[in-house]
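Visitor: can't give you the sequence, but here's the structure:
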């Protein structure tokens with residue numbers, strides 16, 4: 001249930017912020033905090049950092065498929081993972097769906113958050129959700145899920161060394 005709320009809130013915050021920026025700052029850049037933060041309207045036809053900018057349709061299909069995969073994982077396998085892993089997947093799904101909506105309906109993603117104190121890409125709320133989700137997922141996999149997968153291992157300890165699986 002928490003995961004569904006995160007997905008809905010993430011998509012809503014992303015789409016409302018992009019709609020506001022598009023309506024009020026189309027083609028403009030406004031300084032929010034001098035030397036630190038600008039809101040700069042950017043139409044990104046690519047992926048992160050504008051990569052693959054000429055492949056918007058391919059990116060839309062990929063992000064749509066990844067969104068579906070994440071939703072299926074959350075629905076079918078949520079009991080297998082820790083709460084943190086599920087929250088992480090929900091954040092990633094919210095961001096992927098938010099950017100998919102833009103690509104599917106407009107042919108580009110609206111980016112607007114620009115840090116001026118560092119040379120970094122302009123990004124949006126969906127990108128924040130994806131990044132936060134990815135960081136939290138890595139943390140969950142390292143600190144919470146690793147023990148779970150080791151305990152579920154079916155490899156007998158007395159198996160001869162030459163017969164043990166390489167990845168196991």
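Guide: Done, it's in. Keep in mind that this is a model prediction, so the values were computed, not measured. Numbering: from 1, shown residues only.
Visitor: residues of the one helix or strand residue 114 maps to that come out buried?
Guide: Per DSSP states H and E: residue 114 is located in strand 109-115. Burial within strand 109-115, assessed by neighbour count using 16 or more other CB atoms under 10 Å, is assigned to 109-114. To be clear about C-beta, it is placed using only N, CA and C from the backbone, and glycine gets the same treatment.
Visitor: and that strand, average pLDDT?
Guide: In this model, strand 109-115 carries a mean pLDDT of 94.
Visitor: packing partners of that strand?
Guide: For strand 109-115, the elements it packs on are helix 2-24, strand 37-44, helix 83-106, helix 125-140, judged by 3 or more CB pairs under 8 Å, 6 or more residues apart in numbering; DSSP states H and E.
Visitor: so which of the ones you listed is the most packed in?
Guide: Of all the helices and strands packed on strand 109-115, helix 83-106 has the most neighbours on average by mean count of other CB atoms under 10 Å, namely a mean of 22.
Visitor: and that one, how far out from the chain's middle?
Guide: Taking the mean of its C-alpha atoms, helix 83-106 sits 5 Å from the chain's own mean (CA atoms, centre = their mean, to the nearest Å).
Visitor: now the angle between helix 125-140 and it, please.
Guide: Interaxial angle, helix 83-106 versus helix 125-140 (axes from the mean of the first three to the mean of the last three CA atoms, to 10 degrees): 150 degrees.
Visitor: quick one: mean pLDDT over helix 83-106.
Guide: The predicted confidence, averaged over helix 83-106, sits at 94.
Visitor: do the same with stretch 62-69
Guide: In this model, stretch 62-69 carries a mean pLDDT of 88.
Visitor: for it, buried residues please.
Guide: Of all the residues in stretch 62-69, those buried under the rule 16+ other CB under 10 Å are 62-64, 67.
Visitor: bridge partners for the closest residue in space to residue 31 that isn't next to it in sequence, pull those for me.
Guide: The spatial neighbour of residue 31 that comes closest, neighbours along the chain excluded (CB to CB, 6 or more residues apart in numbering), is residue 38 at 5.3 Å. Residue 38 has these beta-bridge partners by DSSP bridges: residue 31, residue 114.
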